[in-house]
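Chemist: structure for the following, please:
(chains A and B)
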Amino acid sequence: NAGVTQTPKFQVLKTGQSMTLQCAQDMNHEYMSWYRQDPGMGLRLIHYSVGAGITDQGEVPNGYNVSRSTTEDFPLRLLSAAPSQTSVYFCASSLSGAHNEQFFGPGTRLTVL
Amino acid sequence: GIQVEQSPPDLILQEGANSTLRCNFSDSVNNLQWFHQNPWGQLINLFYIPSGTKQNGRLSATTVATERYSLLYISSSQTTDSGVYFCAPNNNAGNMLTFGGGTRLMVKP
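Modeler: Sure, this is the predicted structure:
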């Protein structure tokens, strides 16, 4: 199993540009989530999904969109990037919920100029 | 939401020393996880521990849910233990994890 994969590993954007961060898992997990980690801080939940077709907001959802059309994929979209979105983004998955063991991807380091 | 506080924020150990990391949380939870973030940024799940005590090699964790805290014990520390340790309880609905600010550990040879 590849586990949780994220692409790209690094990305630089200009203010106002849009992009999609990709996340995929091959463990048939129902629950997937996106976090951001700012320097010297813990992770903050952006959005999560409890299954295909179902998404919900986390702690810091503004400026981000998600969709879950398949069990395997959970892309995160930035519609109009801002410097405040410079961060490291982590995707995670688990069997059925946040109460299950979480498996994290390697992260995407995003810089918005 | 749940408030999570970890202490100490920073810790420096000599190789071979023992340490205890603490995680306090503000509300009742139905589970709690401990993670290690290595110096390359990868997050690894260490323990999944709603209550009681679990051990894995030199690491062990105890959660006392009724008193709203969890402890992570590291014995005979090694340089490879360096990194940041996070605790993350989840809410009673089971759909959101809240991370603490972490304890940054450096183990010196």
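Chemist: please make it C-alpha for all contacts and neighbour counts, starting now.
Modeler: Noted.
Chemist: next one: phi and psi at A:Thr7?
Modeler: phi -140, psi 150 (degrees, to the nearest 10).
Chemist: dump the residue contacts of it.
Modeler: Residues near A:Thr7 by Cα atoms under 8 Å, 6 or more residues apart in numbering or on different chains: A:Leu21, A:Gln22, A:Cys23, A:Thr108.
Chemist: same question, B:Pro50
Modeler: Contacts of B:Pro50 by Cα under 8 Å, 6+ apart are B:Val29, B:Asn30, B:Asn31, B:Leu32, B:Gln33, B:Thr63, B:Ala65.
Chemist: which of these count as buried?
Modeler: Among the contacts of B:Pro50, those classed as buried by 16 or more other Cα atoms under 10 Å in any protein chain shown are B:Val29, B:Asn31, B:Leu32, B:Gln33, B:Thr63, B:Ala65.
Chemist: out of the residues you listed, which comes closest to chain A?
Modeler: Closest to chain A out of the buried ones among the contacts of B:Pro50 is B:Asn31 (5.7 Å), distances taken as Cα to the nearest Cα.
Chemist: assign the closest residue to the closest one other than its chain neighbours to helix, strand or coil.
Modeler: Of all residues not flanking B:Asn31 in the chain, B:Pro50 sits nearest, at 4.0 Å (Cα to Cα, 6 or more residues apart in numbering or on different chains). With DSSP: H, G, I helix; E, B strand; the rest coil as the basis, B:Pro50 sits in coil.
Chemist: re the thing from before, in strands, which of the contacts of A:Thr7 fall?
Modeler: A:Leu21, A:Gln22, A:Cys23, A:Thr108 (DSSP state E).
Chemist: show the contacting residues for the third one.
Modeler: Just to be clear, that refers to A:Cys23. A:Val4, A:Thr5, A:Gln6, A:Thr7, A:Asp73, A:Phe74, A:Pro75, A:Leu76, A:Cys91, A:Gly105.
Chemist: how does it look with 6 Å?
Modeler: A:Thr5, A:Gln6, A:Asp73, A:Phe74, A:Pro75 (Cα atoms under 6 Å, 6 or more residues apart in numbering or on different chains).
Chemist: please list the residues of chain B that sit near chain A.
Modeler: Within chain B, the residues that sit near chain A (Cα under 6 Å from any Cα of the partner chain) are B:Asn31, B:Gln42, B:Gly94, B:Asn95, B:Met96, B:Leu97, B:Phe99, B:Gly100, B:Gly101.
Chemist: kindly recompute the last result at 7 Å.
Modeler: B:31, B:42-43, B:45, B:48, B:90, B:94-97, B:99-102 (Cα under 7 Å from any Cα of the partner chain).
Chemist: nearest to chain B, of the ones in strands among the contacts of A:Thr7?
Modeler: Nearest to chain B among the ones in strands among the contacts of A:Thr7, with distances taken as Cα to the nearest Cα, is A:Thr108, at 10.3 Å.
Chemist: quick one: the helices in chain A?
Modeler: Using DSSP state H, no helices are found in chain A.
Chemist: who in it is up against chain B?
Modeler: A:Met41, A:Gly42, A:Leu43, A:Arg44, A:Gly97, A:Ala98, A:His99, A:Glu101, A:Gln102, A:Phe104, A:Pro106.
Chemist: same thing but at 10 Å, please
Modeler: A:31, A:33, A:40-45, A:47-50, A:56-59, A:88, A:90, A:92, A:96-107 (Cα under 10 Å from any Cα of the partner chain).
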